[in-house]
Every structure is written in structure tokens, then in C-alpha cells.
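J.: model the following, please.
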Amino acid sequence: MIRAFPSKFFVVLSLCLSAALSSNAQTFTAGLKLKEGAKLDITNLYGRVLVRAEKDAEASLSASSPDGASPADVKIAGGKVEVSPKDRSKRIDLVITVPQRCRVRIETREGEIAVIGNFAEIGAATTTGTITTDIPLDSVRYEFQWTASRPRYVADVELEKIKEKSAGRFVISGEIGERTKRKKQKKDTDAAAADIPADVELSFSTARGIVLLNIPPNEVGSDLRERPLTEAAKAIVRSGDSLLMEAIRRAAPQYYGEYIQSLPPMKRLPSLGSSTGRASGPAAEFKTAIVRVVDSQIEASRTFRPPILS
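T.: Reported below is the predicted structural model:
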């Protein structure tokens, strides 16, 4: 199901970030000549970056700093934006609005990267900054890479398993949404299935940062190390409580997946059915059954008499 973008939470996040960037800070704004589907490279090694994609939006940039931001601090040339202040200790944050379906590449050092809306491609590179998204997940191809630590991430959907690469790198890559389903359906019958394009391409690289894929930052703790499931967590998984199970999956996707695969198939609960024909049975006019109905509100016991059997 396609959600409206940006979501309610990220509207609040966007407003809060914009307010934080402008409060007690001097800002300047500038227009950007970008059309729908355009490419934009953003480099800001001195603060954070928030990029929003809005339908029929006029592209614009807002830069702010507690020490005052000026046009001299930000270089804008064609499809490139680079923060380059004379004072290298100066912090400058960017808020950028672009039309939908743009292709953006964002680089920071320690600053957060937040991307909201409908994009065609998103590239994000940071050393320790958090990468946060609120994007459509109907058809996504992704590759997330950590170069100096084990992956720290929380996702609104289940991702592929972590792969350890050379030189201490860790990678999570795969596909999400309808594209994956269509490829699986056509794999044996249609060679062209491999050419079905994804709606969104994600390429994230970080040394020790956190990746939040459509997860509000206020729902995530500072320590994202996976821990084995406790006996209480395993009991919740066995209980079938979908809400609590989802919370456990987010906190420890690897251990959750391994444990869920070790469980026997869940037994189906009894259910009522209907029949179009007459049931056959021993020659008897009547049958009597004791039925006990129990739920959280009602507990009753009664005897009923079914129709005459032929």
C-alpha cells in the first residue's frame, strides 16, 4: 500500500528540524534550478542535511548557522551544492526542497542525513551521522554498507541478512516490495523479469552511523546492538501477538528470524464453516451436541437440536 508522503510524523520532524535550524541562528535562502527527475549532489562536512521531495515544488535551499550563514559559505553550481565556510569550525545546516523523483547524493561527516518524500535515487555517505528516511517502500532496491563497525539499523520492513566483506566491511543488500514479488512470479516464465526497474534506488555508506529506514528516530534507543532473545521475548513470539512480535523483530532481526524458523508451523485456530449439501451420517432423526461458547464477555452453555438428517 502506498502511503501519502511525507507521513504525519515526518511532517513534525521536518518542522522541528527546520525550527531547530532557524532558532538562534542566522539563515539565508536561495533558489535552485531543478526539475522533476533532476540530479543533485550535496556535500556538507560541517553540519546536517534535510532534503524533502514535494510534488510540483520549486527547488530551494536554506542554510543556517549559530554564527550566521551567508552566501559565501555555500557554493551552488548547476546540480551541485557544497558547504565550504572560511571558518572550518563553523557549523552550517541545510534544508533543501526539491521536486519529486529527483536523484540525490548527500555526504556529511558527523551530521545527520534526513530524506523525506518520493525520490528515484538516494545516495548517502557519512562517517558517524544517522541516516533517516521516510520514503515509499513499494519497490526498492537497496545496498547499505558499514565500513568500520557492525551494522546498526532499524527498518520498517525485513531486510536481507548481513554479509561480512573484506577489510571489515558489512553489507546488507536486496529488494523490497512489488518488484521483488513480480520477479519471483516471473522468474521461471519470463526472462524480462530481471529488467523490471525499481521505483527507488538506495545506496547508503557509513563508517559507524545508524540507518533508520522509515522509522521515527524517537522510537530508537542509542544502543542498537543486537542481543539474543530472552525467554520472555521467545514466549511473546510463540504467543503470536503481532504488535509485540514486530517490536522484537525490529530490535533483533537476525535472532528473531532464526528463532521463528525454529518453531513448528503455527496451529490454526478452530473456525466455523458452511456446507451447501446435507451431511450424511448414521440413520437417526436427531443428534444432540453440547456446545460451550466462551469469550472475554460471554460464557454460556446450551443444548441445541440440529435439523433432521435424511
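
J.: surely residue 172 and residue 162 touch.
T.: Yes: with contact defined as CB atoms under 8 Å, residue 172 counts as touching residue 162 (5.6 Å). Yep, even glycine has a C-beta here, placed from its N, CA and C like the rest.

J.: out of those two, which sits in the more crowded spot?
T.: Neighbour count, other CB atoms under 10 Å: between residue 172 and residue 162, residue 172 has more, with 20 against 16.

J.: which intervals of the protein have sub-threshold pLDDT?
T.: Low-confidence regions of the chain, defined by pLDDT under 70, span residues 1-25, 179-196, 221-226, 250, 254, 266-287, 294-310.

J.: how about the helices in it?
T.: Using DSSP state H, the helices of the chain run over 8-22, 178-186, 231-239, 242-251, 253-262.

J.: overlap of the contact sets of residue 172 and residue 162?
T.: Shared contacts of residue 172 and residue 162, defined by CB atoms under 8 Å, 6 or more residues apart in numbering, comprise residue 151.

J.: how many other residues sit next to the closest residue to residue 236 other than its chain neighbours?
T.: Spatial nearest neighbour of residue 236, chain neighbours left out: residue 244 (4.7 Å); criterion: CB to CB, 6 or more residues apart in numbering. Neighbour count for residue 244, taken as other CB under 10 Å: 13.

J.: if I look at residue 244, how far off is residue 212?
T.: 21 Å (CB to CB, to the nearest Å).

J.: try residue 61
T.: Using CB to CB, residue 61 is found at 24 Å from residue 212.

J.: the two - which one has more neighbours?
T.: Between residue 61 and residue 212, counting by other CB under 10 Å, residue 212 is the more crowded of the two (23 against 20).

J.: verify the stated contact: that one with residue 206.
T.: No: the pair residue 212 / residue 206 is not scored as a contact, 11.7 Å apart, by CB under 8 Å.

J.: touching both of those two, which residues are there?
T.: residue 131.

J.: quick check: phi and psi on the nearest residue to residue 45 once chain neighbours are set aside?
T.: In this structure, residue 45 finds its nearest non-sequential neighbour in residue 109, 4.4 Å apart by CB to CB, 6+ apart. The phi/psi pair for residue 109 (degrees, to the nearest 10) reads phi -100, psi -70.

J.: and for residue 109, the neighbour number?
T.: Using other CB under 10 Å, the number of residues around residue 109 comes to 15.

J.: same check, this time on the one 5 residues further on
T.: Neighbours of residue 114 under the rule other CB under 10 Å: 25.

J.: distance check, it against residue 220.
T.: In terms of CB to CB, residue 114 sits 14 Å off from residue 220.

J.: where exactly do the strands run in the stretch 101-250 of the chain?
T.: Secondary structure of the stretch 101-250 of the chain (DSSP state E, counting those that start in this stretch): strands at 103-108, 113-116, 121-126, 131-134, 139-146, 153-155, 163-164, 170-177, 200-206, 211-213.

J.: for the shortest one, report the contacting residues that lie outside it.
T.: What that stands for is strand 163-164. 170, 171, 172, 173.

J.: go ahead and confirm residue 228 touches residue 255.
T.: Yes: using CB under 8 Å, residue 228 is in contact with residue 255, at 5.4 Å.

J.: and the two? Which one has more around it.
T.: The neighbour count for residue 228 versus residue 255, taken as other CB under 10 Å, is higher for residue 255 (17 against 11).

J.: count residues in the vicinity of residue 175, would you?
T.: Each residue near residue 175 was counted by other CB under 10 Å, and the total is 16.

J.: that one: what's it in contact with?
T.: By CB under 8 Å, 6+ apart, the residues touching residue 175 are 140, 141, 142, 183, 198.

J.: count of residues packed around the first one?
T.: Looking back up the chat, that one is residue 140. Burial measure for residue 140: 23 neighbouring residues, criterion other CB under 10 Å.

J.: and it, bridged to which residues?
T.: Per DSSP bridges, the residues bridged to residue 140 are residue 176, residue 200.

J.: isn't it up against residue 178?
T.: No: look at residue 140 against residue 178 with CB under 8 Å: they stay out of range, at 9.7 Å.

J.: common neighbours of these two, please.
T.: By CB under 8 Å, 6+ apart, no residue touches both residue 140 and residue 178.

J.: check contacts around the nearest residue to residue 207 once chain neighbours are set aside.
T.: In this structure, residue 207 finds its nearest non-sequential neighbour in residue 148, 4.1 Å apart by CB to CB, 6+ apart. With contacts defined as CB under 8 Å, 6+ apart, the neighbours of residue 148 are 168, 207, 208.

J.: just the buried subset of the residues you listed, please.
T.: Buried by 16 or more other CB atoms under 10 Å: nothing, out of the contacts of residue 148.
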